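# Make a model of this:
(chains A and B)
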Amino acid sequence: MRTLRKFALGVAGILGFLITWQLLPTLGIVDPAYFPTATATLADLGQQFRDLEFWRNVGRTLTAWAIGLVIATVLAAVLGTVIGLVPFLRRATHTTVEFLRPIPSVALIPLAVLMYGYQLQAALVIIVFASFWQVFIQVLYGVADVDAVARDTARSFGLSRGSRIVNLVFPTALPYLMTGLRLAATVALILAITAEMFIGNPGLGREIVFAQSAGDWPLVYALVLVTGILGVLINLVFRMIERRSLSWHQSVRGEEVL
Amino acid sequence: MTLYTSTVVTPRRRSRAWSKLGESTLYAIGLPIVLLVIWGVWATLAPATFFPPPLEILDAFIETWIGPAFLTDVLPSLGRLAIGIVLSIVIGIVAGTLIGLNRWLRELLEPVFEFFRAVPPPVLLPIAVVLMGPTDGMKVVVIVIGSVWPILLNTIEGVRATDSVMTETARSFALRPAERLRFLTLPSASPRIMAGVRQSLSIALILMVISEMFYSSSGLGFKIVYFQRNYLIAEMWSGILLLGLIGILLAAIFSVVERRVLRWYHGIKEVERA
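Have a look, this model is predicted:
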């Protein structure tokens, strides 16, 4: 009953949003030339769904997103584990990390364009730089979070270094890694589309810029809707992965009991 | 007893505090210096067009940014950024509290908000620039529209998650709604609100840079792209360096504010851990 009510209210909210959107241009509150109605946009969106080129662009955006995310995650997990486990490295890299991390990745767009031109590699530089830190910092925290008693127990039971990493460090760091991965997936999508818009490698972002310069406003809004839907989907999928891979963990089990 | 201990205790080395300080300074600046030296040597041995030596970048930094450019390009950018951030925080917390306290409203709006949060903020720029023109107001509006969502949604979530026992206690002690808000709801939501603010800061910075890079003829972002298009490589690097410094400054301000606002919270966490 409660979930039904929540669902109904959610649907009502979305409908209300669409009706407001429909009314704003119809009543002339905003210029309909630059702000098409919801129906016009959704009609255009339906047309896009039947267009193969649209799906190719979705594919291009998601390819850049996936490659960037995988590179960033692997790099960050490996570096984070090594640096997190060695106190000397952790202390020595602290200031460098704190300096590099706040640099906004879009500041690197000009550099990436100079190095790779208007290509996928330039976009990957931006995507990897931004999502790397999300995972890296989480892994660093996670590796440092190993319970002291568990660590000493493992040592006195004579577990080898490798087995300690597999059986102790990895399970401890996994929840952190998953949180980092979810954050990184969102950030990587934002930067994949930003890169397409402003570097100009093919994909949804570039289509938005093209549609804007062509004055095709329903298409601009339809594509913006698509990027939002992609964002929601990625968020949902990664939340699910997080829940699945941590089904043994206290925080997830706790949720289900309540 | 004293006889034995007196032989065991060794005099403390006087310079210990100093050597400790020296050690941590060495740790702090060691790696950056090593990296810079490697970069410098590399750039002199095998000059790469796009990676000028660090000293050249430092020269360019002083020449480019210290002087009138600071007033004409850097300060306006920072001003827009600051206004955008403050507006996002105020709007996010006020609206978030109102929506979070009202369950009906919350369930009505949450799916729509989740969607807006998921829209990558830079796609708003082409729309905003046509609706409002490439003005300062447009840039501030884009910063606010892009970065308000994490704060808003985290505030809703934080307000909703207020401990029910405490709410009822506050009610039975006859606290007025305003008092309840000030002493219970907002403090208990503040860890989540601060987490939202942290996310918003980086989005705001990204939007400031992007909006200037492509829809402006002044400002920090514009300058960096200008240098890149004119192959002024060292100047371009100096701009990236400046953006990095601004990012660090923002992070530092945030951590000071966070420590003040959440002092009680970190205290509790420490006690729980011990």
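
# Show me where the stretch 51-200 of chain B dips below the pLDDT cut-off.
For the stretch 51-200 of chain B, no stretch has pLDDT under 70.

# Alongside chain B, which residues does the stretch 101-250 of chain A contribute?
A:101-111, A:113-115, A:186, A:189-190, A:193-194, A:197-198, A:205, A:208-209, A:212, A:220-221, A:223-224, A:227-232, A:234-235 (Cβ under 8 Å from any Cβ of the partner chain). Every residue, glycine included, has its C-beta placed from N, CA and C.

# From those, which land in helices?
Among these, the members falling in helices (DSSP state H) are A:109-111, A:113-115, A:186, A:189-190, A:193-194, A:197-198, A:205, A:208-209, A:212, A:220-221, A:223-224, A:227-232, A:234-235.

# so how many other residues sit close to residue 249?
Let's take chain A. 15 (other Cβ atoms under 10 Å in any protein chain shown).

# um, chain B though
The number of residues packed near B:Leu249 is 12, by other Cβ under 10 Å.

# For it, give me its contacts.
B:Leu249 sits next to no residue when contact means Cβ atoms under 8 Å, 6 or more residues apart in numbering or on different chains.

# Show me how to select, in ChimeraX, the buried members of the residues of the stretch 101-250 of chain A next to chain B.
Here is the ChimeraX command that selects the buried residues among those (16 or more other Cβ atoms under 10 Å in any protein chain shown):
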select /A:101,102,103,104,105,106,107,108,109,110,111,113,114,115,186,189,190,193,194,197,198,205,208,209,212,220,221,223,224,227,228,230,231,232,234,235
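
# Contacts only, for the residue of the stretch 51-200 of chain A found nearest chain B.
Residue nearest to chain B within the stretch 51-200 of chain A (Cβ to the nearest Cβ): A:Pro102, separated by 3.1 Å. By Cβ under 8 Å, 6+ apart, the contact list for A:Pro102 reads B:Ser202, B:Gly244, B:Gly247, B:Ile248, B:Leu250, B:Ala251.

# got any ranges where chain A has weak pLDDT?
A:250-258.

# What ranges does it have for its helices?
A:2-26, A:38-49, A:52-85, A:87-100, A:109-116, A:120-144, A:148-156, A:161-164, A:170-198, A:204-213, A:217-245, A:250-257.

# residues in contact with the most centrally placed residue in chain A?
For chain A, the residue sitting closest to the mean C-alpha position, by Cα atoms, centre = their mean, is A:Thr186 at 1.6 Å. A:Thr186 makes contacts with A:Gly231, A:Ile234, A:Asn235, A:Phe238, B:Ala118, as judged by Cβ under 8 Å, 6+ apart.

# and of the residues you listed, the nearest to B:Ile210?
The shortest approach to B:Ile210 among those belongs to A:Gly231, at 17.2 Å (Cβ to Cβ).

# Can you tell me, leaving aside adjacent residues, what's nearest to that closest one?
Distances taken as Cβ to Cβ, 6 or more residues apart in numbering or on different chains place B:Ala118 nearest to A:Gly231, at 2.9 Å, with adjacent residues excluded.

# give the contact list for the one you found.
Applying Cβ under 8 Å, 6+ apart, the residues near B:Ala118 are A:Thr186, A:Gly228, A:Ile229, A:Leu230, A:Gly231, A:Val232, A:Ile234, A:Asn235.

# want to try CSV for the residues you listed, with distance to B:Val37 as columns?
Compiled in CSV, the contacts of B:Ala118 are given as follows (distance: Cβ to Cβ, whole Å):
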residue, distance to B:Val37
A:Thr186, 37
A:Gly228, 47
A:Ile229, 49
A:Leu230, 44
A:Gly231, 42
A:Val232, 47
A:Ile234, 41
A:Asn235, 43
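
# out of those residues, who's nearest chain B?
A:Gly231 (2.9 Å).

# buried stuff in the host helix or strand of B:Val144?
Assigned by DSSP states H and E, B:Val144 belongs to helix B:136-160. Within helix B:136-160, the residues scored as buried using 16+ other Cβ under 10 Å are B:138-160.

# Tell me what angle it forms with helix A:170-198.
Computed with axes from the mean of the first three to the mean of the last three Cα atoms, to 10 degrees, the direction of helix B:136-160 lies at 160 degrees from that of helix A:170-198.

# Helix B:136-160 packs against which elements?
Identification of packing neighbours for helix B:136-160 by 3 or more Cβ pairs under 8 Å, 6 or more residues apart in numbering or on different chains; DSSP states H and E yields helix B:75-101, helix B:103-118, helix B:124-132, helix B:186-214.

# next structured bit after the last one?
From helix B:186-214 onward toward the C-terminus, using DSSP H and E, the following helix or strand is helix B:220-229.

# quick one on the thing from earlier: distance of the residue nearest to A:Gly231 from B:Gly196?
15 Å (Cβ to Cβ, to the nearest Å).

# before we move on, what about A:Ile67?
In terms of Cβ to Cβ, A:Ile67 sits 30 Å off from B:Gly196.

# Between the two, point out the one with more neighbours.
Using other Cβ under 10 Å as the criterion, A:Ile67 and B:Gly196 rank with B:Gly196 on top: 28 against 18.

# hang on, isn't that one packed against B:Leu153?
Yes. In this structure B:Gly196 lies within contact range of B:Leu153 using Cβ atoms under 8 Å: 6.9 Å.

# Residue of the stretch 1-150 of chain B nearest chain A, please.
Residue nearest to chain A within the stretch 1-150 of chain B (Cβ to the nearest Cβ): B:Ala118, separated by 2.9 Å.

# who touches A:Leu204 in this structure?
Counting by Cβ under 8 Å, 6+ apart, A:Leu204 touches A:Asn57, A:Val58, A:Arg60, A:Thr61, A:Ile193, A:Glu196, A:Leu223, A:Val226, A:Thr227, A:Leu230.

# And B:Pro187, by the same measure?
Per Cβ under 8 Å, 6+ apart, neighbours of B:Pro187: B:Trp264.

# returning to what we had before: specify which member of the contacts of B:Ala118 is nearest to A:Val169.
Comparing these against A:Val169 with Cβ to Cβ places A:Thr186 closest, at 26.2 Å.

# Who's the closest spatial neighbour of residue 180, skipping the chain neighbours?
Using chain A. Nearest non-adjacent residue to A:Gly180, counting by Cβ to Cβ, 6+ apart: A:Gln138, 3.2 Å away.

# right idea, wrong chain: chain B
B:Ala170 (5.0 Å).

# Is the one you found in a helix, a strand, or coil?
Classification of B:Ala170 using DSSP: H, G, I helix; E, B strand; the rest coil returns helix.
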